[in-house]
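Asks: I would like the atomic coordinates for the input below:
(one chain, ligands or ions: 2)
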Amino acid sequence: MSSTVMEIETQLVSGEFAEAVLSGLAQPVKSIPCRFLYDARGSELFEEITRLEEYYPTRTEIGLLKEHGPEIAERAGQGCAVVEFGSGSSRKTHILLEALTGASAYVPIDIDDAALKEATSRLHADFPRLAMHPVQADFSQDIHLPDEIAGAPKLGFFPGSTIGNFDLDGAVDFLGDAGDLLGPDSDLLIGADLQKDRDILIPAYDDASGVTAEFTLNLLHRINRELDADFVVSRFAHKAIYNDDVGRIEIYIESLADQHVTVLGRPFSFAEGEDIHVENSHKFTVPQFKALAREAGWASEQVWVDKNDLFSMHYLTRG
Ligand code: SAH
Ligand code: AVI
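Replies: Ligands and ions are numbered 1, 2, ... in the order given. Down below sits the predicted model:
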């Protein structure tokens, strides 16, 4: 593999994790942004989640990509640079790139460099002639695209319903910024999880084998590892609830006892039953998601939904 393929451009601000944890734990309602769930171990655990029987989104979206690949390719045309937000393992990208055939470059953007490295080298083995420019960045901050793709038409790819991890205003802001980043003639293929019964949703976020719990609690292990902290992780628990009013899953880390923890020399108290909010995962209806995209300057040209009405994939154009 050539060195340019594996070179990861880093656009992360150092010290951000420490700042987010110290300020998040000092608030009256404790909270840490969900992007910090993804260190190398977090990405591995997320990959395990995607293979769980209870976690329907991944296999359903993969089914949609396989079924509608030719229509997506027709809309995208020839020569586009695929820019993926939150690329993770790039497993779905493999299917997309096979369908597109004429893509000119691939730019995976992810916060976790371990996932980026592994995914890029795996994809390079399967698509050796495709130029790859991995970028390690927080996609909710200002980022810039590699100069090498400046002249190419852009197809943004944002699968997985990662858009649902923003709050609704944040999702509109993100989609607007993504439009500015990709440019006036760009398109965006995006996955949005659908509203459904809580009997399907709760097990998807609190599986019987405890992988999702391990994914959530890895955040405390990460704080211990990186921020010289002393969380006794067994004294905390993963908690997933469905908030009907806003139509979203909410994930918390609940303290199982009254306790004290030190992070980078700073003391924090937890009451028994007190929560740290770590993630939201919004679920949408098709009209709701179309309206949200429209607010951000995108038009939903085409939407594909699986036969069980679990998941939607929208092909957005600059509206
Ligand atoms: N696209 C894959 C992975 C989704 S998991 C799929 O559909 O299965 C979410 C991915 O987004 C993870 O790889 C995580 O590391 C990345 N991520 C989460 N928040 C991020 C942020 N703020 N900036 C960049 N990447 C982020
Ligand atoms: C990445 N994101 C779309 C996942 C979701 O379904 O909200 C993250 C996740 N958290 C727990 N399980 C999956």
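Asks: helix or strand right after the helix or strand where Lys239 lies?
Replies: For Lys239, the host element (DSSP states H and E) is strand 236-243. Going down the chain from strand 236-243, the next helix or strand is strand 248-255, by DSSP H and E.
Asks: who does that following strand pair up with?
Replies: strand 236-243 (antiparallel), strand 275-282 (antiparallel) (DSSP bridges).
Asks: which ones are touching Glu54?
Replies: Pro203, Ala204, Asp207, Ala208 (C-beta atoms under 8 Å, 6 or more residues apart in numbering). Where C-beta positions appear, they are placed from N, C-alpha and C, glycine not excepted.
Asks: between the strands paired with strand 248-255, which gets nearest to ligand 1?
Replies: Closest approach to ligand 1 among those (C-beta to the nearest ligand atom): strand 275-282, 10.1 Å.
Asks: Go ahead and name everything in contact with the closest one.
Replies: 24-25, 29-32, 34, 37, 161, 163-168, 171, 193, 205, 216, 219, 239, 246-255.
Asks: now the residues you listed: which count as buried?
Replies: 24-25, 30-32, 34, 37, 161, 163-166, 168, 171, 193, 205, 216, 219, 239, 248-253, 255 (16 or more other C-beta atoms under 10 Å).
Asks: near ligand 2, which residues of the stretch 51-200 of the chain?
Replies: Residues of the stretch 51-200 of the chain lying close to ligand 2 (C-beta under 6 Å from any ligand atom) are Pro57, Gly160, Ser161, Thr162, Gly164, Asn165.
Asks: Surely the fifth one and Arg248 touch.
Replies: Yes - with contact defined as C-beta atoms under 8 Å, Gly164 and Arg248 form a contacting pair (7.2 Å).
Asks: any shared contact partners between these two?
Replies: By C-beta under 8 Å, 6+ apart, the residues touching both Gly164 and Arg248 are Asn280, Ser281, His282, Lys283.
Asks: okay, the third one: pLDDT?
Replies: Spelled out, that is His282. We have a pLDDT of 98 for His282.
Asks: is it in a bridge, and if so with what?
Replies: Assigned bridge partners for His282, using DSSP bridges, are Arg248.
Asks: related to what we said a few turns ago, got the residues of the stretch 51-200 of the chain next to ligand 2 as JSON lines, with pLDDT columns?
Replies: Output for these, formatted as JSON lines (pLDDT from 0 to 100):
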{"residue": "Pro57", "pLDDT": "98"}
{"residue": "Gly160", "pLDDT": "98"}
{"residue": "Ser161", "pLDDT": "98"}
{"residue": "Thr162", "pLDDT": "98"}
{"residue": "Gly164", "pLDDT": "98"}
{"residue": "Asn165", "pLDDT": "98"}
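Asks: any chance of the residues you listed in CSV, with secondary structure too?
Replies: Output for these, formatted as CSV (DSSP: H, G, I helix; E, B strand; the rest coil):
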residue, secondary structure
Pro57, helix
Gly160, coil
Ser161, coil
Thr162, helix
Gly164, helix
Asn165, helix
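Asks: can you tell me the residue of the stretch 101-250 of the chain closest to ligand 1?
Replies: For the stretch 101-250 of the chain, C-beta to the nearest ligand atom, closest residue to ligand 1: Gly160, 2.5 Å.
Asks: wait, that residue sits on Phe85?
Replies: No - between Gly160 and Phe85 there is no contact under C-beta under 8 Å: 9.6 Å.
Asks: got the contact list for the residue positioned nearest the centre of the chain?
Replies: In the chain, the C-alpha nearest the mean C-alpha coordinate belongs to Thr162, at 3.8 Å (C-alpha atoms, centre = their mean). If you count contacts by C-beta under 8 Å, 6+ apart, Thr162 has them with Phe85, Gly86, Gly191.
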